[in-house]
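Undergrad: Quick one: sequence and predicted model below, then my questions.
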Amino acid sequence: MSHSTPASAAGRFTFPGSDLSVNRMGFGAMQLAGPHVFGEPKDPEECRAVLKEALALGIDHIDTSDFYGPYVTNRLIAETLHPYAENLVLVSKIGGWRDDQGGWNMNHAPDFLRKSVEDNLLRLKIDQVPIVNLRMGSVAGFSEDAALLEPMRTMRQLQEEGLIGHIGLSTVTQAQIQIAQDIAPVVCVQNHYNLVHRDDDAMIDSLAEQGIAYVPYFPLGGFAPYQSQALDEVAAELGASAQQVALAWLLQRSPNMLVIPGTSKRAHLKDNIDAAALTLGEDQLKRLNAIASMA
Ligand SMILES: NC(=O)c1ccc[n+]([C@@H]2O[C@H](COP(=O)([O-])OP(=O)(O)OC[C@H]3O[C@@H](n4cnc5c(N)ncnc54)[C@H](OP(=O)(O)O)[C@@H]3O)[C@@H](O)[C@H]2O)c1
């Protein structure tokens, strides 16, 4: 495949009730922080080059957070891309913090969420974060349905004040999405999903019916890239990389699927964006669909 596929080849998606429209091929900034998403990157110049190249190839949706570093990816984005292109949609997430050892901690107190949004505005050098995901969690307490009520009310307040353009959710259950929607409109859901990890299949279909975006994290397996003979075979048939096939499968899975693969390398960025133009045949889809049941 040539290395000049634009991100627009994946088609476009408009977030519901908004004038925000993005290419379905986006970029996740998490890999731009240091090892284990902690501290400064090993090669900051390459990270800046990745961000510039992403925009040059048509990426107009960047997923980020002050969790990453912490504060590193937001700072890199602002240093490299500000003033931002008018069409660039920055999506951040709040609801947690990193400790001195790099541990991931949750906090959904109203004051903490407000401060987190203010920090994002400061570091990203913007007056409003276009979309903010409220990150709930799979850890005890935060996965309970009712845990979402108070933080969601805070999100609505922050939106009413104009600090947040639109609200998304992350690491949530179907029941939590419904609770959230009774409080304020939700434009996207960001959960763990990929070729192997398919717990959210029913949720994706339900969100698609409502026109709400589903944005899987770990689209390439995240910290544990998956090994699959079927994936490798399909990739070989298409003369593509396994990562491209995994991303093409996600894009073909549902029209509300937006992908945000993360990388710290321009070569991988181009490889991933090329997936926007990759079409999987029926038989190939069938074999790829079977991977989850074998995992
Ligand atoms: N809401 C949440 O709780 C949450 C959690 C995790 C992530 N996220 C978001 O989701 C985004 C995507 O997830 P992710 O970055 O964790 O995982 P991912 O996209 O599944 O995988 C990233 C890993 O794959 C490697 N990679 C990327 N492209 C490649 C290619 N073409 N060939 C070979 N290796 C490749 C990267 O390393 P290299 O740097 O070497 O390319 C990195 O190790 C993140 O960037 C972040 O924005 C959200």
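TA: Sure, I can see it.
Undergrad: Now do Pro255: how many residues are near it, please.
TA: As a burial measure, Pro255 scores 12 neighbours (other C-beta atoms under 10 Å). For the C-beta atoms, the positions are set from N, CA and C on the backbone; glycine is no exception.
Undergrad: Tell me the pLDDT of Ala236.
TA: Ala236 is assigned a predicted lDDT (pLDDT) of 98.
Undergrad: What strand or helix carries it?
TA: Using DSSP states H and E, Ala236 sits in helix 229-238.
Undergrad: So what does the residue nearest to Asp200 when sequence neighbours are not counted have for phi and psi?
TA: Once flanking residues are discounted, Asp200 sits nearest to Tyr193: 4.9 Å by C-beta to C-beta, 6 or more residues apart in numbering. With angles defined as degrees, to the nearest 10, Tyr193 sits at phi -160, psi 140.
Undergrad: Return the list of helices and strands in contact with the helix holding Ala236.
TA: With contacts taken as 3 or more C-beta pairs under 8 Å, 6 or more residues apart in numbering; DSSP states H and E, helix 229-238 sits against helix 242-253, helix 282-294.
Undergrad: helices and strands around the helix ranked longest in the chain, which ones?
TA: Secondary structure assigned by DSSP state H gives helix 110-124 as the longest helix of the chain. With contacts taken as 3+ C-beta pairs under 8 Å, 6+ apart, helix 110-124 sits against helix 72-81, strand 89-94, strand 129-135, helix 149-160.
Undergrad: Could you dump the ones you listed into a markdown table with mean neighbour count, distance to the ligand and mean pLDDT added?
TA: Shown next, in a markdown table, are these (neighbours: other C-beta atoms under 10 Å; distance: least, C-beta to the nearest ligand atom, whole Å; pLDDT from 0 to 100):
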| stretch | mean neighbour count | distance to the ligand | mean pLDDT |
| --- | --- | --- | --- |
| helix 72-81 | 22 | 8 | 98 |
| strand 89-94 | 27 | 5 | 98 |
| strand 129-135 | 25 | 5 | 98 |
| helix 149-160 | 19 | 15 | 97 |
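Undergrad: just so I know, which of those lies nearest Phe112?
TA: Closest to Phe112 of those, according to C-beta to C-beta: strand 89-94, at 8.2 Å.
Undergrad: So in terms of bridging, what pairs with Val91?
TA: Val91 has these beta-bridge partners by DSSP bridges: Asp63, Ile131.
Undergrad: what does the model give the residue lying closest to Asp127 once chain neighbours are set aside for pLDDT?
TA: Leaving aside its sequence neighbours, Asp127 sits nearest to Leu121 (C-beta to C-beta, 6+ apart; 6.7 Å). Per-residue confidence at Leu121 stands at 98 (pLDDT).
Undergrad: Poorly predicted segments of this structure, please.
TA: The model of the chain has pLDDT under 70 over residues 1-3, 138-143, 295.
Undergrad: Can you name the residues of it sitting close to the ligand?
TA: Within reach of the ligand by C-beta under 6 Å from any ligand atom, the chain has these residues: 28-31, 63, 93, 135, 170-171, 190, 217-222, 225, 241, 243, 260-265, 268, 271-272.
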